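Undergrad: A structural model of the following input is requested.
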Amino acid sequence: MDPATAAVVLTIGSLAHANGLPTEDIAGAELRAIASLNTPTPVTRSGPGANNAIKPDLVDYGGTCLFDGMGPRIATGNHYASAGMLTLRPDYLGGLLTAATGTSAAAPRIAYKAALLLRAMPSASANMIRALLALSASIPPEAIQCLNRLGGGAALACCGYGVPDVARALDSEERRLVLIADHQELATDQFALYRIPLPKEFQTTKGKRQIRVGMAFDPPVRHTRLEYLGLRVNYHLIRGMKPDDIFEHFRQRTKDEKRFDDLPSTAKCNLEPSRDIRGTSTLQAATFKMARNIDLYGDDYYLAVFAERRWAGEEITHQRFAVAVELEHEAQINIHQQLRARVRV
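TA: The predicted structure is shown next:
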């Protein structure tokens, strides 16, 4: 498809870096701000994408717009430098730098963050880079407050997973850590199970805590198909069950075999966005938040990753993907050292 709607690329939206009003005495009361810091740039594009995929995937600062009542017109960074982001000037003979507004100014900032990740992890796959960017991203509260007036899904449709934080993607802390599985391959119509070990302190210490999952895959695509993706990959976060029981529940059955009972209501963690909302996206990030003690569910949670064939032919036998999981607790506890030693064993 066209670049902005393509499934396996990062589509970038734009946020305002400020209200854009010039500080110099060059405009009067006729110049008014349209947006403010961390709210959507008025000219940014919004989703969803093909088959209701989450688009844009991410956002970053791309300048803002002003209302110029003297025109009247909508002014951008081309008119007032304060409304735009600093960038190289196309007609370089007239000057080296200029200001611009829009997603074309925001996209290079995400490309730079991806480059920083790749420099720190030279062997990382493109799927892992995308997964870590989404895992570390968050939508600014100002954007959520602004967009929630349009309905519950507006923030996701306009901002995707939010603004990536490279430091958060690269570095674990005492109370927050990231587990990764890169260069993974999964047979079509099969599933893989990943163990997520939880330290006791994470389970029992009072305070808010969360498990966030980022996953990216690169399926075959065809824009002439009603179903754009040749395969879909999705996941469930499961707790309070043994691996054998999970395999028995999800395995394929013949027509004569008895259907396995549904998972207990407490076993499947309610990730947001839900599986249905993120299911047609090749980049997915979802969060499970907890406030109470969770030690009754055991020391291990499990991430079940599924590869579902759509129109892809029999020659497509496996799907590549990468997955990253972040554990975070608001209390000042050291879960990093405990889990690092446990995972090594």
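Undergrad: just the strands in the chain please.
TA: Secondary structure of the chain by DSSP state E: the strands cover 12-15, 31-33, 58-61, 66-68, 73-75, 85-88, 97-100, 176-187, 190-197, 209-217, 231-239, 283-290, 300-309, 318-329.
Undergrad: single out the most deeply packed of those strands.
TA: Mean neighbours per residue, mean count of other Cβ atoms under 10 Å, is largest over those for strand 12-15, with a mean of 28. In this view, the C-beta of every residue, glycine as well, is placed from N, C-alpha and C.
Undergrad: got the contact list for that one?
TA: 38-41, 43-46, 56-63, 101-103, 105-107, 110, 140, 143, 158-160, 163 (Cβ atoms under 8 Å, 6 or more residues apart in numbering).
Undergrad: just the buried ones from those?
TA: Burial by neighbour count, 16 or more other Cβ atoms under 10 Å: within the contacts of strand 12-15 this picks out 38-41, 43-46, 56-63, 101-103, 105-107, 110, 140, 143, 158-160, 163.
Undergrad: just those: which are in helices?
TA: 103, 105-107, 110, 143, 158-159 (DSSP state H).
Undergrad: I'd guessed K208 sits against M290; true?
TA: Yes. Between K208 and M290 there is a contact under Cβ atoms under 8 Å: 7.3 Å.
Undergrad: Q190 and L231: what is the separation?
TA: 11 Å (Cβ to Cβ, to the nearest Å).
Undergrad: overlap in contacts of the two?
TA: With Cβ under 8 Å, 6+ apart as the test, Q190 and L231 both reach A307.
Undergrad: so what pLDDT did L116 get?
TA: According to the prediction, L116 has pLDDT 97.
Undergrad: what's the local residue count around the closest residue to it other than its chain neighbours?
TA: Nearest non-adjacent residue to L116, counting by Cβ to Cβ, 6 or more residues apart in numbering: V166, 5.0 Å away. Using other Cβ atoms under 10 Å, the number of residues around V166 comes to 17.
Undergrad: is V166 in contact with A115, as I believe?
TA: No. In terms of Cβ under 8 Å, V166 does not count as a neighbour of A115; the distance is 9.7 Å.
Undergrad: tell me the contacts of the residue at minimal distance from the centre of the chain?
TA: Geometric centre of the chain, nearest residue: A134, 2.9 Å, by Cα atoms, centre = their mean. When contacts are counted by Cβ under 8 Å, 6+ apart, A134 touches 57-58, 161, 164, 214, 216, 283-285.
Undergrad: mind checking how far it is from A216?
TA: Per Cβ to Cβ, A134 is found 7 Å from A216.
Undergrad: same thing with Q184?
TA: Distance from Q184 to A216, counting by Cβ to Cβ: 10 Å.
Undergrad: with H318 instead?
TA: Counting by Cβ to Cβ, the gap from H318 to A216 is 16 Å.
Undergrad: R168: what's it in contact with?
TA: S136.
Undergrad: actually, A105.
TA: By Cβ under 8 Å, 6+ apart, the residues touching A105 are 14, 61-63, 77, 84-85, 87.
Undergrad: any chance of those in a markdown table, with distance to D262 too?
TA: Below are these laid out as a markdown table (distance: Cβ to Cβ, whole Å):
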| residue | distance to D262 |
| --- | --- |
| S14 | 43 |
| Y61 | 45 |
| G62 | 45 |
| G63 | 50 |
| G77 | 54 |
| G84 | 54 |
| M85 | 51 |
| T87 | 54 |
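Undergrad: E227: which of the residues you listed is nearest?
TA: S14 (29.9 Å; Cβ to Cβ).
Undergrad: and D276, which of the strands of the chain is closest to it?
TA: D276 lies closest to strand 231-239 among these, at 9.3 Å (Cβ to Cβ).
Undergrad: what angle separates that closest one from strand 190-197?
TA: 40 degrees (axes from the mean of the first three to the mean of the last three Cα atoms, to 10 degrees).
Undergrad: run through the bridge partners of the residue lying closest to L271 once chain neighbours are set aside.
TA: Leaving aside its chain neighbours, L271 sits nearest to A286 (3.8 Å; criterion: Cβ to Cβ, 6+ apart). Using DSSP bridges, the beta-bridge partners of A286 come out as V213.
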